[in-house]
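Q: fold the following for me, if possible:
(chains A and B)
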Amino acid sequence: MSGFLAGLLVAVLPLLAAGFWLGRRTARPSSLAGLGTPVEHATFETLHTASLATPPLRAGLTEETARKAARKLRSLLGTDALCLTDRERVLVWDGVGSHHREEVMARLAGPLDTGRGEAFPLTCDTPDCTVRWAVVAPLTVDDRVHGTLVACAPRESAVLVRAAGEVARWVSVQLELADLDQSRTRLIEAEIRALRAQISPHFIFNSLAVIASFVRTDPERARELLLEFADFTRYSFRRHGDFTTLADELHAIDHYLALVRARFGDRLSVTLQIAPEVLPVALPFLCLQPLVENAVKHGLEGKADKCHIQLTAQDAGAEALVVIEDDGAGMDPEVLRRILAREPGPSGGIGLSNVDDRLRQVYGDDYGLVIETAVGAGMKVTVRLPKYQPGVHSAGRLGG
Amino acid sequence: MNSSYAVPAVALVVLATVLVGAFGLRISRTTSDFYVASRTVGPRLNAAAISGEYLSAASFLGIAGLVLVQGPDMLWYPVGYTAGYLVLLLFVAAPLRRSGAYTLPDFAEARLASQTVRRMAGVLVVGVGWLYLLPQLQGAGLTLTVLTGTPDWLGGVIVAVVVTVIVAAGGMRSITFVQAFQYWLKFTALLVPAFFLVLAWQGDGAPTHAFDEPASFREQRAVRVHDSLDLRLDKPLTVTVDGTVDGTAHDGAELVLPAGTHHIEGGTRLTFAEGTEVPAAGRGGDDAVSPSRAESREERPLYATYGLILATFFGTMGLPHVVVRFYTSPHGVAARRTTVAVLGLIGAFYLLPPVYGALGRLYAPELTLTGNADAAVLLLPDRMIGGVGGDLLGALVAGGAFAAFLSTASGLTMAVAGVLTQDMLPSRGVRHFRLGTVLAMAVPVTLTFLLGGLPVADAVGLAFAVSASSFCPLLVLGIWWRRLTPPGAAAGMLVGGGSAFLAVAATMTGYPGEGPWHALLAWPALWSVPLGFLTMILVSLATPGRVPPGTAAVLARFHLPEETRTEVSP
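A: The predicted model follows:
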């Protein structure tokens, strides 16, 4: 008997799981039907349909996104056919009467030019064709007409003209948001480039000064340091790809630390503890080096004696955990909060907030920097890096 | 058997695993040792780790038991378990690594850019993981029962608790080293006793025994029957009975049982004289699981063998704990080299269990009667060598067996918990990973209580069948066919994996009874793998508009060696 029960359980469990998942995905406010008046119910229904059409449009107006959004928009308007166009062609025709594509496209020159809506009758040879009338509403972003929404109906209707206008305006807002998303991405990209170009002029100046000081006394050392410097700058000025591997980033940090230690000598000691499993993890280019630079700066700031920096990289299931810790001056958490929030105030720390922004941009808000600090208590920065993230691929090949 | 050495050995393995898992190998380096600290995992180390994680209870105990009971036909199991890596090497290893995917759901998303396919792959990973965890826990229970006579659920619970604690406490810190160590431990634990056993066998005059004749007792032997069973006799059998046979109680009486079927109650002690042939046993009542599979194998040996070959050849690439280890390789070429090394290591290991199986047929033939054939590896040192030496070797084998349960179970639990946390539970975070770990282990533990004695190698075979019918089409077509679409992949995984899963569930309940249907359901791979491929191809061809944009770029990344993509410097 127990065998049968167990088999039943084995068979039923995945079914239950699948059912739960399907149920969650398809849960609609219509299940609230009993909870409100018919008017409220209709409002819910409309809002829900509108919200379902939103996600595809947030990616901009393309054939793919138009196809996904068109059906929802048509049920929002309740017409027989709905068509989305850009400036040149029909992106999608949802519903009946798609043989009117060319005719509609030919009539769009006016609305596309003026940005004003229009309604016109359709000529049709097919006797049982139900679409006889088309309402055109332009989709505008920043006063530029990007495309049109065309709703087709059997007869002229003032309500449809009004409704199509409203829906087109709503779609336009989504497209504006898509535009905003794009410009935000461009801004971050520009910032990444800016950070790259910025790679501390101070550091370059100091390194060259240190190397110069060794040229007479220890030429061999000077030559080694110059090579380290060359390796580090080659890495930080490279142009291809936005992502690198943890191994490459750690090598760059090693070159960086070699130069810094030449300058500070015994005052700076560094311990590394790295799990080899996480070395292939891909991560945004130069997102750990600024943290180490920060630790060096804080560790030696206002302290005459020694400073210790510890860098650990651990394997944590589907993530890698990188911790950078120094025993330096620390920082008032409130000041740190303002730096990360980019509020005007203390200068410096641009590295920290930039790394934080980039991590959030790439991996989502769950993956920002976690910083533990207090005045005089050192600073501990924790970075979590998912081992896999869509779109994150290291460009280079791992060394060693 | 004497447990005074075996129990400390098992305790030592468990303790070492807990300590290493909890504290890790804390090796700190100063920057001058940077190149040592940041050396990536080499192919050989990674291969030992993959082998350590892969060689489970099924390999350590199950194969010897199967060879003992069923004879050399069962050598297809080790062959299949090894050859799976050949298929992996040829079609999947390097492109999978270059895809950057850590888990199978990651691969589905990287290739098809679809959340739905990702979720489905996640559900299947969890299903396969649970099916695979089940025999590990049962094997642990069996080992502890044989060693100390504890109830058979205890070993499974111990392994489950240890693994859950290690994984939930933050995973194994230096998992590659631990798993590589476990491989060498398992290999040693089989190799050293095998060496002494073969010596003992030669000292015994190297008796041989053809596999097609029935096994016979080499000395007078008392056998205690734990669960009721049916004896099927071709000719009369003389046996001393202390217990209940055919409903009549006997007290040490010598009986001559006529040819036919006889029902033996649980708890009965049977004493066979020297030279008696070991009678064939059918398990009565509920645990009809294994013998019914075995019967269908006897009825249709060719079909069953091909079913087994297909499942093991194509199932390896979809095992969740194997896939995640490829991420550790620094690049595609290293992934390939790793796979070659794995072939060598696993091939060497699988030479040993058949030795135990063959020796077991000579020296412990009553195991075919009691249904505890999986215990052959554990019992042989005591039986053949005896004394302190036998006890020590037995302790070594027992420690190795526990290493097998712990390493495979922790790898599987990590993989299943990772998928549960990422794709099933509401939001991400450390606490959810702990919840996922508990869930990943709770389900198979519950199932072991419900299912009872499913022979370990058989149960693993079922996990392979599900993996081969769902993930093999996804990986092979995903890597080699540019017209694969998300609906096609979803349909193929659902039809292939789903049908194999239902067949497995039906077999576990003993639903179809006998006949051709039973063979079809007990060995599903032969029809479910082609079904999965066919569905995936046909549905993909029917939805040509849904080929994800950027497929060409994704496939180029999968197939181009890493060197060729770099350095487009200004």
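
Q: sec struct for A:V392, please.
A: Of the three states, A:V392 takes coil under DSSP: H, G, I helix; E, B strand; the rest coil.

Q: now it. Nearest residue, chain neighbours left out?
A: Setting aside the residues directly before and after it, A:V392 is nearest to A:A282 in space (Cβ to Cβ, 6 or more residues apart in numbering or on different chains), at 5.0 Å. C-betas here are computed from N, CA, C, even on glycine.

Q: check which helix or strand covers the nearest residue in space to B:P353 that is not next to it in sequence.
A: Of all residues beyond its chain neighbours, the one nearest B:P353 is B:I63 (4.0 Å), with distances taken as Cβ to Cβ, 6+ apart. When elements are defined using DSSP states H and E, B:I63 is found to belong to helix B:63-70.

Q: next helix or strand past that helix?
A: Heading C-terminal from helix B:63-70, the first helix or strand you meet, by DSSP H and E, is helix B:76-87.

Q: for A:Y388, give me the pLDDT.
A: Residue-level confidence at A:Y388 comes out at 90, pLDDT.

Q: does it count as helix, strand or coil?
A: Judged by three-state DSSP, the three-state class of A:Y388 is coil.

Q: give me phi/psi at it?
A: Reported as degrees, to the nearest 10, the phi and psi values for A:Y388 are phi -130, psi 130.

Q: just the one 4 residues further on next, same as before
A: Dihedral angles phi and psi of A:V392 (degrees, to the nearest 10) take the values phi -100, psi 100.

Q: test my guess that it contacts B:Y102.
A: No. Counting by Cβ atoms under 8 Å, A:V392 does not reach B:Y102; the two are 11.5 Å apart.

Q: pretty sure A:A50 contacts A:W170?
A: Yes. If you go by Cβ under 8 Å, A:A50 and A:W170 touch, sitting 6.9 Å apart.

Q: ok, back up a step: so who does the residue nearest to A:V392 touch?
A: For A:A282, the contact set (Cβ atoms under 8 Å, 6 or more residues apart in numbering or on different chains) comprises A:F243, A:T244, A:T245, A:L246, A:Q389, A:V392, A:H393, A:S394, B:G100.

Q: ditto for A:L340
A: Residues counted as contacts of A:L340 (Cβ under 8 Å, 6+ apart) are A:L352, A:S353, A:D356, A:L369, A:I371.

Q: let's see 6 Å
A: If a contact means Cβ atoms under 6 Å, 6 or more residues apart in numbering or on different chains, then A:L340 has A:S353, A:D356 as its contacts.

Q: could you do A:C124 as well?
A: Neighbour list for A:C124: empty [criterion: Cβ under 6 Å, 6+ apart].

Q: try 10 Å this time
A: With contact taken as Cβ atoms under 10 Å, 6 or more residues apart in numbering or on different chains, A:C124 is in contact with A:G97, A:H99, A:H100, A:E103, A:T130, A:V131, A:R132.

Q: so which residues on the stretch 151-300 of chain A come close to chain B?
A: Within the stretch 151-300 of chain A, the positions lying close to chain B (Cβ under 10 Å from any Cβ of the partner chain) are A:234, A:237-241, A:243, A:245-248, A:250-251, A:253-255, A:257-258, A:261, A:268-282.

Q: may I ask which helix or strand encompasses the most centrally placed residue in chain A?
A: By Cα atoms, centre = their mean, the mean C-alpha position of chain A lies nearest to A:Q361, the distance being 4.2 Å. If you go by DSSP H and E, A:Q361 is part of helix A:350-363.

Q: which elements pack onto the helix or strand following that helix?
A: The first helix or strand that comes after helix A:350-363 along the chain, using DSSP H and E, is strand A:370-373. Here strand A:370-373 touches helix A:289-300, strand A:319-326, helix A:333-340, helix A:350-363, strand A:379-386, going by 3 or more Cβ pairs under 10 Å, 6 or more residues apart in numbering or on different chains; DSSP states H and E.

Q: what residue in the stretch 251-400 of chain B comes nearest to chain A?
A: As assessed by Cβ to the nearest Cβ, chain A sits closest to B:P330 within the stretch 251-400 of chain B, at 3.8 Å.

Q: can you tell me, leaving aside adjacent residues, what's nearest to A:V383?
A: Taking Cβ to Cβ, 6+ apart as the measure, A:V383 lies nearest to A:V322, with 4.5 Å between them; neighbours along the chain are not counted.

Q: just list whatever residues bridge to the one you found.
A: Here A:V322 sits in beta bridges with A:A313, A:V383, as judged by DSSP bridges.

Q: show me the residues around the closest residue to B:T312 other than its chain neighbours that make contact.
A: If the residues on either side of it in the chain are set aside, B:T312 comes closest to B:G80, at 2.7 Å by Cβ to Cβ, 6+ apart. By Cβ under 10 Å, 6+ apart, the contact list for B:G80 reads B:T305, B:L308, B:I309, B:L310, B:A311, B:T312, B:F313, B:F314, B:G315, B:T316, B:G461, B:F464.

Q: on contacts alone, who are the packing partners of the helix or strand containing the fourth one?
A: Counting by DSSP H and E, the element that carries B:L310 is helix B:301-315. Counting contacts by 3+ Cβ pairs under 10 Å, 6+ apart, the secondary-structure elements packed against helix B:301-315 are helix B:76-87, helix B:289-299, helix B:456-480, helix B:516-522, helix B:525-542.

Q: swap in 6 Å and give it another go.
A: Based on contacts counted as 3 or more Cβ pairs under 6 Å, 6 or more residues apart in numbering or on different chains; DSSP states H and E, the elements that helix B:301-315 packs against are helix B:76-87, helix B:456-480, helix B:525-542.

Q: follow-up on the earlier one: need the contacts of B:G80 in a markdown table (columns: pLDDT and neighbour count).
A: Shown next, in a markdown table, are the contacts of B:G80 (pLDDT from 0 to 100; neighbours: other Cβ atoms under 10 Å in any protein chain shown):
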| residue | pLDDT | neighbour count |
| --- | --- | --- |
| B:T305 | 85 | 17 |
| B:L308 | 86 | 23 |
| B:I309 | 89 | 17 |
| B:L310 | 90 | 24 |
| B:A311 | 90 | 30 |
| B:T312 | 89 | 26 |
| B:F313 | 92 | 24 |
| B:F314 | 93 | 29 |
| B:G315 | 91 | 30 |
| B:T316 | 90 | 28 |
| B:G461 | 78 | 28 |
| B:F464 | 90 | 30 |
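
Q: out of those, what pair is the most spread apart?
A: Within the contacts of B:G80, two members stand farthest from each other by Cβ to Cβ: B:T305 and B:T316, at 17.6 Å.

Q: by how many degrees do the helix holding B:L310 and helix B:456-480 diverge?
A: Computed with axes from the mean of the first three to the mean of the last three Cα atoms, to 10 degrees, the direction of helix B:301-315 lies at 50 degrees from that of helix B:456-480.

Q: count the residues that sit near whichever residue of chain B sits closest to chain A.
A: As assessed by Cβ to the nearest Cβ, chain A sits closest to B:T509 within chain B, at 2.7 Å. Residues lying near B:T509 (other Cβ atoms under 10 Å in any protein chain shown) number 21.

Q: swap in A:R101?
A: Other residues lying near A:R101 total 15 when counted by other Cβ under 10 Å.

Q: nearest spatial neighbour of it, skipping sequence neighbours?
A: Taking Cβ to Cβ, 6+ apart as the measure, A:R101 lies nearest to A:V90, with 4.9 Å between them; neighbours along the chain are not counted.
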